[in-house]
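Q: Give the three-dimensional model of this entry:
(one chain, ligands or ions: 2)
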Amino acid sequence: MNFTTSLRDSYAGAPLPLHLITPLDFRSIEALPASHRWPDPPGPDQSEQPVPLVSLGSPQAAKILNHACREWGVFQLTGHDISLGLLEDVVCHARRLFELPLAVKTRALRSASGGTGYGMARMSRFFDKFMWHEGFTIMDCCSLGQDARALWPQDYIPFCDTIQKYQNKMKKLCQLITQLILDSLGLSPTDFVEWSNPGTASTALQLNYYPPCPDPAHAMGLAPHTDTLSFTVLHQDRCAGGLEILKGGTGWVPAAPLARGALVVILGDLVHILSNGAYASVVHRARVPETGDRISVAYFYGPSMDLEITPVAVEGEEQRFRSVTVKDYVKLKEKYFNDALSQLAAS
Ligand SMILES: O=C(O)CCC(=O)C(=O)O
Ligand SMILES: [Fe+2]
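A: Numbers count the residues shown, from 1 in each chain. Ligands and ions are numbered 1, 2, ... in the order given. Model (predicted):
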């Protein structure tokens, strides 16, 4: 029998009420409702240097990655082998999904204690206001088939095929990124096997949709948060009005793709813990575009839920965090959200 916990199981203990799962029917809205109006979110700082660019295979890659992880907690990635065609296909399928009527999308609604399917961002319960966002989360092929069949009973296969192809490619890319990150922290090949075993890795794919908004300046696409696992690989369908990251000492910095097909890699809490705080787990948010809609595709990647993470020892430096298993950290994040890291502080 397999006792290994999956990412999906770890949500089962915290059921959500329906009003925190079902998004608004955005297409029927003519003015921004009070429930979705955020008190003047501060705007981005356009003067900051752009997010560092790591080109896989370039002789500078390791050096730029090291700098980006320490100073930014985010980098753009080019030189990967995810084709523009596949990136476009996955966005096309996401658009086809989000353009379905709400009554059809709710056939694949996330269950109260589930992690997969259609619905609001899970973090909605931590905020007073609702976000201008709809999401669709995929964790394994079993729920993917079931949800896709509920959406398109006669025609679900093309969606499943594209998603599976994208997940397979992403998993391989994430193994490579994990290796680069662990190398840069001076960890060994044994650590790499533990952190990036494709058979036990924790992964989730999240399709994000930000519909056209009557008052984008006062709406919030995704509220400020850090990602929980090792890192997230984000594909954005357009360059305007989207991802912003909070850079220490500067403020919000836009992180639109610098080149066609450039992916954004956002470091998460697990790498922050592993690096004893040296690598930033970057706070980020998504704004709503001024015009039109926006789609982003986030692939969350981490090690087995059973792996125990202990910060790397650096001579002369105190250990900032207690050791924690991935599954216990996911539980802490579910309970404390943006305060989860401080719960782990070594006393
Ligand atoms: O849509 C974006 O740019 C951000 C998405 C994101 O942060 C997430 O899905 O966790
Ligand atoms: Fe995120």
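Q: next one: the helix or strand hosting residue 300 to chain centre, how far?
A: Element membership of residue 300, judged by DSSP states H and E, is strand 294-302. Between the mean C-alpha location of strand 294-302 and the chain-wide mean there is a distance of 5 Å, by Cα atoms, centre = their mean, to the nearest Å.
Q: Please enumerate the strands of the stretch 201-347 of the chain.
A: Under the criterion DSSP state E, counting those that start in this stretch, the stretch 201-347 of the chain contains strands at 202-210, 222-225, 231-236, 243-247, 251-254, 263-267, 284-286, 294-302, 308-309, 324-325.
Q: packing partners for the fifth one?
A: Here strand 251-254 touches strand 243-247, going by 3 or more Cβ pairs under 8 Å, 6 or more residues apart in numbering; DSSP states H and E. (C-beta placed from N, C-alpha, C; glycine too.)
Q: picking up where we left off before, is the strand holding residue 300 positioned near ligand 1?
A: Yes: where contact is defined by Cβ under 6 Å from any ligand atom, part of strand 294-302 touches ligand 1, namely 296, 298.
Q: can you put the strands of the stretch 201-347 of the chain in TSV and add mean pLDDT and mean neighbour count?
A: Written out in TSV, the entries for the strands of the stretch 201-347 of the chain read as follows (pLDDT from 0 to 100; neighbours: other Cβ atoms under 10 Å):
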stretch	mean pLDDT	mean neighbour count
strand 202-210	97	22
strand 222-225	96	19
strand 231-236	97	24
strand 243-247	93	22
strand 251-254	90	19
strand 263-267	98	25
strand 284-286	96	23
strand 294-302	97	24
strand 308-309	96	18
strand 324-325	97	19
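Q: Same list (those strands) but as JSON lines, adding distance to residue 52.
A: Output for the strands of the stretch 201-347 of the chain, formatted as JSON lines (distance: least, Cβ to Cβ, whole Å):
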{"stretch": "strand 202-210", "distance to residue 52": "23"}
{"stretch": "strand 222-225", "distance to residue 52": "21"}
{"stretch": "strand 231-236", "distance to residue 52": "14"}
{"stretch": "strand 243-247", "distance to residue 52": "11"}
{"stretch": "strand 251-254", "distance to residue 52": "11"}
{"stretch": "strand 263-267", "distance to residue 52": "10"}
{"stretch": "strand 284-286", "distance to residue 52": "15"}
{"stretch": "strand 294-302", "distance to residue 52": "20"}
{"stretch": "strand 308-309", "distance to residue 52": "25"}
{"stretch": "strand 324-325", "distance to residue 52": "29"}
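Q: quick one: low-confidence ranges for the chain?
A: Counting by pLDDT under 70, the ranges of the chain that qualify are 1-5, 12-13, 46-48, 239-241.
Q: which residues in it form helices?
A: Read by DSSP state H, the chain holds these helices, from start to end of the chain: 61-71, 84-98, 102-105, 141-151, 157-184, 189-195, 269-274, 326-336, 340-343.
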